[in-house]
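Engineer: here is my input; please provide its structure:
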Amino acid sequence: MSDLFWLTDAQMAKLSPFFPKSHGKARVDDRRVLSGIIFINRNGLRWRDAPEAYGPHKTLYSRWKRWSEKGIFGRMMIGLAAEHGEKQTVMIDATYLKAHRTATSMAAKKGGRGRLIGRTKGGMNTKLHAVCDSLGRPIDLFVTAGQVSDYIGARALLSGLPNVEWLLGDRGCDADWFREALQDKGIRACIPGRKQRKTPAKYDKRRYKRRNRIEIMFGRLKDWRRVATRYDRCPKVFLSAVALAAVVIYWL
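Structural biologist: Model (predicted):
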């Protein structure tokens, strides 16, 4: 029992404002069910393998699926991360997440497209694009198929960038339109130029070294086995797993 994960009263108080209202029959104990959902996602278990202390596995799975499709876990992360208070620096980057065969097994059937899974040199992958603050805490997330360029993720995350002085990014974000968009928002870019640029892009090398914090963030998110390996066919459900990991690791 001591090895199981249980949300504390303080953690539940932070999460409860994001719970949907219960209609009709009272909802099963939120603490028990959410603790079980976190335990399954962190350890990469099948739902049927959930410890008995968390109750019936079907209850855990149905709550997970229903709230994921409603975007509840994504709103938890966005809502809690909105209090980041960052004024100085944010970082942007992307990482590959391996797709298990259970997530790709129906790709050839009708509806297989749109799963945001693509073939790369490393096999079938999903790409996670993220923005984090200067402390390495995620404040925005976006997923695409594995073969999609970093430009697409940068474009999707651009509008949600907070009002800060600097953005740190790697060469994958080096594009004139992106630099101009940052300039329009009053953000200074610290991004090394691509090798094929005729005129090398100047950037603060000392400041750029701080970008390792977003790499550390990706590493900590991948400690959750259902994040490091994608088992969910639905991209919205998978993004919920990433958002839930971010909430528990960084914002509770």
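Engineer: and the helices in the stretch 1-150 of the chain, which stretches?
Structural biologist: Along the stretch 1-150 of the chain, counting by DSSP state H, counting those that start in this stretch, helices occupy 9-15, 30-43, 57-69, 72-81, 101-104, 150-158.
Engineer: report the buried residues of the shortest one.
Structural biologist: This means helix 101-104. Under the neighbour-count criterion of 16 or more other Cβ atoms under 10 Å, helix 101-104 has 103, 104 buried. For the C-beta atoms, the positions are set from N, CA and C on the backbone; glycine is no exception.
Engineer: per-residue confidence for residue 214?
Structural biologist: With respect to pLDDT, residue 214 scores 96.
Engineer: my read: it touches residue 136, true?
Structural biologist: Yes: checked against Cβ atoms under 8 Å, the pair residue 214 and residue 136 is within contact range at 6.3 Å.
Engineer: the two: which has the busier surroundings?
Structural biologist: Taking other Cβ atoms under 10 Å, residue 214 and residue 136 do not tie; residue 214 has more neighbours (25 against 18).
Engineer: quick check: closest non-adjacent residue to that one.
Structural biologist: residue 91 (4.3 Å; Cβ to Cβ, 6 or more residues apart in numbering).
Engineer: okay, now residue 209: neighbour count?
Structural biologist: Around residue 209 there are 10 residues (other Cβ under 10 Å).
Engineer: ditto for residue 155
Structural biologist: 16.
Engineer: now it: closest residue in space, sequence neighbours ignored.
Structural biologist: Going by Cβ to Cβ, 6+ apart, residue 155 has residue 178 as its nearest residue, at 7.7 Å.
Engineer: send the alpha carbons of the helix or strand hosting the one you found over as CSV?
Structural biologist: In the assignment (DSSP states H and E), residue 178 maps to helix 176-184. C-alpha atoms of helix 176-184 as CSV (Å, rounded to 0.1, in the frame of the first residue of the first chain):
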residue,chain,number,x,y,z
ASP,A,176,13.1,34.2,-41.0
TRP,A,177,9.3,34.2,-40.5
PHE,A,178,9.7,32.9,-37.0
ARG,A,179,12.4,35.5,-36.1
GLU,A,180,10.2,38.3,-37.5
ALA,A,181,7.1,37.0,-35.6
LEU,A,182,9.1,37.0,-32.3
GLN,A,183,10.3,40.5,-33.1
ASP,A,184,6.7,41.7,-33.6
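Engineer: and that helix, what does it pack onto?
Structural biologist: The elements that helix 176-184 packs onto, with contact taken as 3 or more Cβ pairs under 8 Å, 6 or more residues apart in numbering; DSSP states H and E, are helix 150-158, strand 188-190.
Engineer: can you list those in TSV and add distance to residue 84 and mean pLDDT?
Structural biologist: Shown next, in TSV, are these (distance: least, Cβ to Cβ, whole Å; pLDDT from 0 to 100):
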stretch	distance to residue 84	mean pLDDT
helix 150-158	15	92
strand 188-190	19	94
